[in-house]
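Q: okay, structure incoming, though there's no sequence with it:
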């Protein structure tokens, strides 16, 4: 995800879409590993999995902080933004890995979700 985000354009929306697309692509390639990353119990045979999940959330939090700092997102609860966005992307990944939607539909869902997220979370310009 980090590589995809860094390779994308400089705009917040492009970076967010790249991260989401990379997450869904990873989920499609490795659904079992994704499930293990977010399993409720720590696994002694896979100690790196909790840190991998933490790395994903760290990246999402960083993107959200950038969105707030640049004025794209309203300066409200960044943690709430991060979990909301993560829930959307994880949901899309679940739709893909379960075969409910195909990869092409996933790309459209990602684009629509990111656009909707930004519009709904946008910093409001003062009337005047």
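A: Looks like it arrived, so ask away. All values derive from a computational prediction rather than experimental measurement.
Q: look up phi and psi at residue 122.
A: Residue 122 adopts backbone torsions of phi -60, psi 150, taken as degrees, to the nearest 10.
Q: so for stretch 64-73, mean pLDDT?
A: This predicted structure assigns stretch 64-73 an average pLDDT of 92.
Q: end-to-end on that stretch?
A: 8 Å (CA to CA, to the nearest Å).
Q: pull out the buried residues from that stretch.
A: For stretch 64-73, the neighbour count (16 or more other CB atoms under 10 Å) marks 64, 67, 68, 72, 73 as buried. For the C-beta atoms, the positions are set from N, CA and C on the backbone; glycine is no exception.
Q: same check on stretch 3-11?
A: For stretch 3-11, a neighbour-count test (16+ other CB under 10 Å) marks 4, 5, 8 as buried.
Q: and if you look at stretch 87-98?
A: Neighbour-count burial for stretch 87-98, with 16+ other CB under 10 Å as criterion, is recorded at 88, 89, 90, 92, 93, 94, 95, 96, 97.
Q: so what touches it?
A: Counting by CB atoms under 8 Å, 6 or more residues apart in numbering, stretch 87-98 makes contact with 20, 23-24, 27-28, 31, 34, 101-103, 106, 109-110, 113, 117, all of which sit outside it.
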